[in-house]
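Participant: Here is my input; please provide its structure:
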Amino acid sequence: MASILDSLVDKQGGQMRSVSWYRNAINNFTGSISARRLMNQGRLTSRPSAGLLNMFFYDPKMKKTLPLYDTFPLVLPLESYSGGFLGLNFHYLRPGTRFRLLEVLQQYATNNKMNSTTRIQADYSQLKNLTMAKPGIKRYLNNHVRSSFLRVSVEQAAIAVFLPVQQFKKGQPY
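Facilitator: Now for the predicted structure:
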């Protein structure tokens, strides 16, 4: 059975589309879209996949003191460290900004195909001064990850950033 992301990639027809096309495709999708359904249908790994977007369930250590947090982040890992990783969570950005950031990140792609063989090789030093990325840069602790990681290929990324699956607690980032 094809996953939600695969179904929408097929509609995309191998072409990069406009922001409004992606929004409409997701709004007109006939199936229900949920974090749990994505996880049940996707390619899961035990570690975050470098160079790809990853979705996973997360329970932050400092949730009692955080003004808001996302329990189902969509993250591009930027750096690994002992006990966790630094990542760019697209859910902290407005949907239009998410798409524009994906366009910027294409400069760090391993090839021009933008398909399942492509990886985004960006790290913190390259993104730390990028204003649109700053709100989404977060640290994640391995012992607070509550699921496997759903790997989102580069060809699925433009769809994934528009999926309404973020699960913020205590408020919204925008």
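Participant: how much space between residue 40 and residue 128?
Facilitator: Counting by Cβ to Cβ, to the nearest Å, the gap from residue 40 to residue 128 is 35 Å. Placement of C-beta: from N, CA and C, glycine included.
Participant: Show the pLDDT at residue 82.
Facilitator: Looking at residue 82, its pLDDT reads 96.
Participant: meant to ask about residue 61
Facilitator: pLDDT for residue 61: 96.
Participant: who's in contact with it?
Facilitator: Applying Cβ atoms under 8 Å, 6 or more residues apart in numbering, we find residue 61 in contact with 141, 144.
Participant: hang on, residue 143 packs against residue 82?
Facilitator: No: using Cβ atoms under 8 Å, residue 143 is not in contact with residue 82, being 11.6 Å away.
Participant: neighbour-wise, which of those two wins?
Facilitator: Neighbours per residue (other Cβ atoms under 10 Å) separate residue 143 from residue 82, with residue 143 holding more: 9 against 5.
Participant: Listing partners with orientation, what would you give for the strand ranked longest in the chain?
Facilitator: Criterion DSSP state E: the longest strand present in the chain is strand 74-81. Sheet pairing of strand 74-81 (DSSP bridges) gives strand 53-55 (antiparallel), strand 84-89 (antiparallel).
Participant: tell me what the longest helix seen in the chain is packed against?
Facilitator: As assigned by DSSP state H, the longest helix anywhere in the chain is helix 95-105. With contacts taken as 3 or more Cβ pairs under 8 Å, 6 or more residues apart in numbering; DSSP states H and E, helix 95-105 sits against helix 19-27, helix 154-160.
Participant: Least confident of those, on average?
Facilitator: Mean pLDDT across the helices and strands packed on helix 95-105 is lowest at helix 19-27; the value there is a mean of 68.
Participant: Quick check: next helix or strand after it?
Facilitator: Once helix 19-27 ends, the next helix or strand along the chain (criterion: DSSP states H and E) is helix 35-41.
Participant: So for that next one, what gets flagged as buried?
Facilitator: Within helix 35-41, the residues that qualify as buried are 35, 38, 39, 41, counting by 16 or more other Cβ atoms under 10 Å.
Participant: What mean pLDDT does that helix get?
Facilitator: Per-region confidence: helix 35-41 scores 88 on mean pLDDT.
Participant: and that helix, what does it pack onto?
Facilitator: Against helix 35-41 (3+ Cβ pairs under 8 Å, 6+ apart) you get helix 4-12, strand 53-55.
Participant: Ranked by average pLDDT, which of these falls at the bottom?
Facilitator: Mean pLDDT per stretch puts helix 4-12 lowest among these, at a mean of 61.
Participant: Contact partners for residue 127?
Facilitator: So residue 127 contacts 78, 88, 133, 137 (Cβ under 8 Å, 6+ apart).
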